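> Fold the stuff below for me.
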Amino acid sequence: MITDKIKIDAFNPDQKIISRAADLIKDGELVAFPTETVYGLGADALNAEAVKKIFIAKGRPQDNPLILHVSDIEQVNDLVYTNDIARSLMLNFWPGALTLVMNAKKIIPLQTRGGLNTAAVRMPDNPIALALISRAGIPIAAPSANLSGRPSPTDAESVYNDMAGKINLILDGGSTNYGIESTVIDISDPENIFLLRAGSTGIEELEKFLNVKLKIPGANNLKRSPGTRYRHYAPNIPVYIFDNDSEKIERDYKNAGYLGLNEPDENFKEQIIFNDVQNYAHGLFSAFRKLESDGVKFISIELPPLSGIGLGLTDRIKRAANIS
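Numbering: from 1, shown residues only. Predicted coordinates:
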């Protein structure tokens, strides 16, 4: 299969390109496209055979649910059972990097929801994504457009490196805005709202809006969210947490890479310093891929503050380092 990569204006998408991509989606094929978080690998969410192609292309476990992407709040009523909290969150946080888990209607194939009785839904804040979903006229299931377990792609070239020969089309809309995936909360029971995955939307903002403390799920609830049960976001070299004050393990730093907000005391072969947490989140996955391609033996990485997007960033770092 030949994979086409086509540049498209992120603010004024060419409707001919959008139509081509939408036709592929409606025909049961796969299209990668940008969102405000990372690039997604899209298929018709209501077509079980098309959804299976996502799992095959990514090498993704079949029990890992997918997020359904919509372009209009009204689409949600056909897919899941909403409640007052859901409607309030959709009106105030969509389009945006917030995924809501709700009880699913039978229209959603089991393949899309990982065999669960719930489904994850969001409306992306990206003109290309919204135009594609709207033109296709169906919800689009779209996990990150990378091989399962690899760093999520924040640009079209990273998608091509992982997906060339596996999918039909990549819409190249440039670099994504946030760099890590959406925050996922389970609102299927309004009396018990769970944080399933920290992400680009800050937890503090959600708790202030809801006037409630989000609960931390057990293993059964955690299954309701993508990206929480398997090692994710990792380069093909080891990732270790670095701390200037407590790092005691002797390692070959002169052949290693470093990522963080502060200059390390050790002398690394290569280091990437970010000037704030937002830029750290934006550049994490691309930095993983760069250091990997530059031939460092491992990556030492500094944890950010646990607030705002820093909580989601910490989650991605720990998963890359295989730390629960």
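> What are the buried residues along the helix or strand hosting V101?
Using DSSP states H and E, V101 maps to strand 98-104. Residues of strand 98-104 classed as buried: 98-102, 104 (neighbour count, 16 or more other C-beta atoms under 10 Å). In short, each C-beta sits where N, CA and C put it, glycine included.
> same question, stretch 29-48
By neighbour count on 16+ other C-beta under 10 Å, the buried set for stretch 29-48 is 29-47.
> Okay, and which of the residues you listed map to strands?
Secondary structure defined by DSSP state E assigns 31-34, 39-44 of the buried residues of stretch 29-48 to strands.
> Check which helices and strands the host helix or strand of F55 is in contact with.
Element membership of F55, judged by DSSP H and E, is helix 48-58. In terms of contacts (3 or more C-beta pairs under 8 Å, 6 or more residues apart in numbering; DSSP states H and E), helix 48-58 is packed against strand 39-44.
> what does the strand it packs on contact?
Identification of contacts with strand 39-44 by C-beta atoms under 8 Å, 6 or more residues apart in numbering yields 25-26, 28-34, 50-51, 53-54, 57-58, 69, 124, 129, 132, 136, 138, 140-146, 152-156, 158-159, 163, 167, 170, 176.
> filter those to the buried ones?
Among the contacts of strand 39-44, those classed as buried by neighbour count (16+ other C-beta under 10 Å) are 25, 29-34, 50-51, 53-54, 57-58, 69, 124, 129, 132, 136, 138, 140-146, 152-156, 158-159, 163, 167, 170, 176.
> thinking again about what came up before, closest to E266 among the ones in strands among the buried residues of stretch 29-48?
Distance to E266 across these (C-beta to C-beta) is lowest for Y39, with 33.4 Å.
> buried sites along the lengthiest helix in the chain?
With secondary structure taken from DSSP state H, the chain has its longest helix at helix 277-293. Along helix 277-293, the positions that meet the burial threshold by neighbour count (16+ other C-beta under 10 Å) are 277-278, 280-292.
> give me the number of residues near N275?
Using other C-beta atoms under 10 Å, N275 is surrounded by 8 other residues.
> How about K52?
A total of 16 residues lie near K52 under the criterion other C-beta under 10 Å.
> circling back to that earlier point, tell me which two of the ones in strands among the buried residues of stretch 29-48 sit farthest apart.
When those are compared pair by pair using C-beta to C-beta, the farthest-apart members prove to be P34 and D44, with a separation of 18.8 Å.
> Tell me the one among the buried residues of strand 98-104 nearest to Y233.
T99 (16.6 Å).
> I'd say the closest one and M123 touch.
No: T99 is beyond contact range of M123, at 9.6 Å (criterion: C-beta atoms under 8 Å).
> For G96, give me its contacts.
Counting by C-beta under 8 Å, 6+ apart, G96 touches 36, 122-123, 125, 182, 201.
> how far away is the nearest residue to D172 once chain neighbours are set aside from Y81?
Distances taken as C-beta to C-beta, 6 or more residues apart in numbering put A156 closest to D172, at 3.6 Å, once the chain neighbours are dropped. Distance check for A156 against Y81: by C-beta to C-beta, to the nearest Å, it reads 36 Å.
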